[in-house]
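Q: Take this sequence and fold it.
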Amino acid sequence: MEKRILTLLALFVAVVVSAQTRYKDEIATNYTRQTYTYAVKDGQELKMDIYFPEGDKTTDRAAWIHVHGGGFSGGSRDGKSDVNLCTHLAKKGYVTASISYRLTRKQDGFGCEVPADKKMETFRKAVSDLRSATAFMLKNNAKFGIDTSRIIISGSSAGAETVLNAAYRPVTQWVEGKQELPTGFRYAGVISFAGAMVNAANITDETAIPTMMFHGTADKLVPYTTAPHHYCSVDSPGYMMLDGSYTIANRLRKLGKTYWLETRCGAGHEMSGLPMTQSVGDIVDFAYNYIIWDKKAQIHTIDKSPNYKKGGSLYDFCDN
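A: Model (predicted):
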């Protein structure tokens with residue numbers, strides 16, 4: 001009788017495990033992490049940590065590449081919030097890479113005193129590094145067990161600017177040296193935590209991909225809508241216009257393309273980090289439904305910062 005009970009229990013456990021849905025539920029209780037050098041640029045070894053679902057032997061898994069924030073002058077691929085996101089995604093079944101990249105503003109910062117052409121160079125080099133990391137994943141797809149047609153990218157702050165510009169910039173442009181990605185390559189989807197891009201007009205019927213964005217309406221570093229980077233004055237060296245999350249969402253809306261914008265009224269640049277711990281469930285849902293399964297939706301979720309006061313925003317929807 002005891003043996004029969006144990007057998008039935010084992011069968012029950014097997015059924016529960018098999019019922020877990022990859023990319024939606026945890027298909028692994030833990031993860032393994034391995035570090036690789038994906039490129040060497042300007043004499044610097046650029047590394048990535050890849051998080052694998054422990055014990056998972058599937059060979060056609062969706063991949064995810066994450067780019068940390070830090071104003072292109074700091075931050076690291078193993079920041080607490082970044083690791084939290086990557087480990088959650090790995091347990092869901094993604095092969096998840098968190099990358100280091102060249103911090104080209106480490107000496108001079110990224111404020112209004114930095115000339116606009118230097119800022120553009122910073123964006124270009126970061127995009128180049130992300131493409132190199134992507135090319136490394138493509139080259140090693142069999143080793144890592146990934147499906148090269150399903151590579152998702154996410155980024156925080158400077159990393160968000162990197163992934164948005166990479167997602168909506170043809171791989172034939174902003175090429176540094178040899179073109180590394182196949183012409184026509186497209187990411188499967190992009191998630192931005194307080195990011196912006198150089199020109200939302202690059203989003204077209206042909207280039208649009210499922211896009212999720214988190215942003216605070218009072219962000220003074222990366223504009224929520226279209227505004228100068230860091231809100232620099234027009235006569236400052238660093239004056240350049242960027243299109244933030246609200247502008248990007250409106251562009252996608254008019255094109256009839258899938259997006260999910262999570263607006264926090266009155267919040268500042270803290271939205272570059274908070275979603276990686278507070279909104280992992282929404283991130284997983286978006287990726288599963290609208291990237292993996294290619295469902296269509298246009299969603300605008302509106303929340304309020306604890307410090308928000310009625311009338312404290314330019315956007316009417318904040319007071320509803």
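Q: Ser128 versus the closest residue in space to Ser156 that isn't next to it in sequence, what's the distance?
A: Nearest residue to Ser156, sequence neighbours excluded (CB to CB, 6 or more residues apart in numbering): Gly69, at 3.7 Å. C-betas here are computed from N, CA, C, even on glycine. According to CB to CB, to the nearest Å, Gly69 stands 18 Å off from Ser128.
Q: Which one of these two is surrounded by more residues?
A: Applying other CB atoms under 10 Å to Gly69 and Ser128 shows that Gly69 carries more neighbours, namely 27 against 21.
Q: And the strands in this protein, which stretches?
A: 31-41, 44-53, 61-67, 95-99, 146-156, 189-193, 196-197, 211-216, 226-228, 241-244, 259-265, 298-304 (DSSP state E).
Q: can you give me how far the first one is from the chain middle?
A: The offset between the C-alpha centroid of strand 31-41 and the centroid of the whole chain comes to 18 Å, using CA atoms, centre = their mean, to the nearest Å.
Q: what pairs with it, and is each one parallel or antiparallel?
A: strand 44-53 (antiparallel) (DSSP bridges).
Q: Show me where the stretch 151-300 of the chain dips below the pLDDT cut-off.
A: By pLDDT under 70, the stretch 151-300 of the chain has no low-scoring segment.
Q: could the strands of the chain go into JSON lines alongside distance to Met137?
A: Output for the strands of the chain, formatted as JSON lines (distance: least, CB to CB, whole Å):
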{"stretch": "strand 31-41", "distance to Met137": "8"}
{"stretch": "strand 44-53", "distance to Met137": "8"}
{"stretch": "strand 61-67", "distance to Met137": "6"}
{"stretch": "strand 95-99", "distance to Met137": "7"}
{"stretch": "strand 146-156", "distance to Met137": "6"}
{"stretch": "strand 189-193", "distance to Met137": "15"}
{"stretch": "strand 196-197", "distance to Met137": "22"}
{"stretch": "strand 211-216", "distance to Met137": "20"}
{"stretch": "strand 226-228", "distance to Met137": "33"}
{"stretch": "strand 241-244", "distance to Met137": "28"}
{"stretch": "strand 259-265", "distance to Met137": "25"}
{"stretch": "strand 298-304", "distance to Met137": "29"}
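Q: Of the ones you listed, which is nearest Leu164?
A: strand 196-197 (4.1 Å; CB to CB).
Q: What's the end-to-end length of stretch 189-197?
A: End-to-end distance of stretch 189-197 (CA to CA, to the nearest Å): 15 Å.
Q: returning to what we had before: you'd agree the residue nearest to Ser156 is up against Glu161?
A: No. Between Gly69 and Glu161 there is no contact under CB atoms under 8 Å: 9.0 Å.
Q: Residues in contact with both of the two, list them for me.
A: Gly155 (CB atoms under 8 Å, 6 or more residues apart in numbering).
Q: about what we covered before: which one of the strands of the chain lies nearest to Arg77?
A: That would be strand 95-99 among the strands of the chain, by CB to CB, at 4.3 Å.
Q: Tell me where the stretch 101-250 of the chain has helices.
A: 116-139, 141-144, 158-167, 245-255 (DSSP state H, counting those that start in this stretch).
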